[in-house]
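Q: quick one, fold the following:
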Amino acid sequence: MTQLYWQTIGRGDHDLVMLHGWGLNAEVWHSIVSRLSPHFRLHLVDLPGYGRSRDFPAMDVEEMVAALLPFAPQKAIWLGWSLGGLVASKMALLHPAQVSGLVSVASSPCFTANDDWPGIKADTLRGFQQQLRDDFQRTVERFLALQTLGTQTARQDARLLKSVVLALPAPDVGVLNGGLEILRTVDIRNEMQALTVPMLRIYGALDGLVPRRIAPLLDAAWPQSESVIIDKAAHAPFISHPDSFCDRLVVFAAGLKE
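A: Next up, the predicted model:
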């Protein structure tokens, strides 16, 4: 039987579901669990196909939401990092009664750049898909290195991300390729205008994958949401700047209506 990995820890008043990014697993949150567990009941999830949920096939975003829904606590805050941000956002759109708040971390409703939208070049994502077939290990390492580029702690942050990947069996290449296809093709910018739950968007000022220029564009498009840019952080602000990151989450949760 296919099992979804879902671990609950912490003693706070708010449920916080935490969804990781492409190629990784729930161990990526390890460094901030001790900071957050006094404030939240943390739900640490390996997305379908990743980590200890490895037996799932490649899925689209809606299928991932359907797999997560049976485990979802009532009125939780859903936090998604990078690819996980798309899944958390879809959960809030499809099941708003289940969600008290939404937090996207270094994520975008449309990861692919076009003429009027900053993001990752489509050719770059296609290149990663091609390289996955040729050299899985090196492709994942390159993608992880991009996530910490430019920060003062880039080398040690990249080592931490790599250790998270190596700690558990690697996802199937088909799952990884499916994740890149999601990043390349999904665009929920218009859908998100109908969002009915409070939303916090956290960005890294140095992020090369989700550029900070997205923040003011979405401030204008989604005035019901709030954005925060963490100075000197890149694509993994919770690793490079854990105190600033956790403080923002606690403040956001405190402002939600019970």
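Q: nearest to the spatial middle of the chain, which residue is it?
A: residue 81 (1.5 Å; C-alpha atoms, centre = their mean).
Q: next up, phi/psi of that one, please.
A: The phi/psi pair for residue 81 (degrees, to the nearest 10) reads phi -100, psi 130.
Q: swap in residue 20?
A: The phi/psi pair for residue 20 (degrees, to the nearest 10) is phi -80, psi -180.
Q: residue contacts, it?
A: By C-beta atoms under 8 Å, 6 or more residues apart in numbering, residue 20 lies in contact with 26, 28, 29, 45, 46, 47, 50, 81, 82, 84. For every residue, glycine as well, the C-beta is placed using N, CA and C.
Q: and those residues, which of them are in strands?
A: If you go by DSSP state E, the contacts of residue 20 have 45, 81 in strands.
Q: all strands for the stretch 51-200 of the chain, in order.
A: Applying DSSP state E, counting those that start in this stretch to the stretch 51-200 of the chain gives strands spanning 76-81, 99-105, 199-204.
Q: and the first one, how far out from the chain's middle?
A: The one in question is strand 76-81. 8 Å (C-alpha atoms, centre = their mean, to the nearest Å).
Q: for the longest one, same thing?
A: Put simply, strand 99-105 sits 11 Å off its chain's centre (C-alpha atoms, centre = their mean).
Q: same question, stretch 87-99
A: 14 Å.
Q: mind listing what's buried in that stretch?
A: By 16 or more other C-beta atoms under 10 Å, the buried positions in stretch 87-99 come out as 87, 88, 89, 90, 91, 92, 93, 98, 99.
Q: residue 46: neighbour count?
A: Counted by other C-beta atoms under 10 Å, the residues lying close to residue 46 total 24.
Q: show me what counts as buried in stretch 116-134.
A: 117, 119, 120, 125, 128, 129, 132.
Q: hmm, I typed the wrong one, I wanted stretch 176-195.
A: Those would be 176, 177, 178, 179, 180, 182, 183, 184, 186, 188, 192, 195, for stretch 176-195 by 16+ other C-beta under 10 Å.
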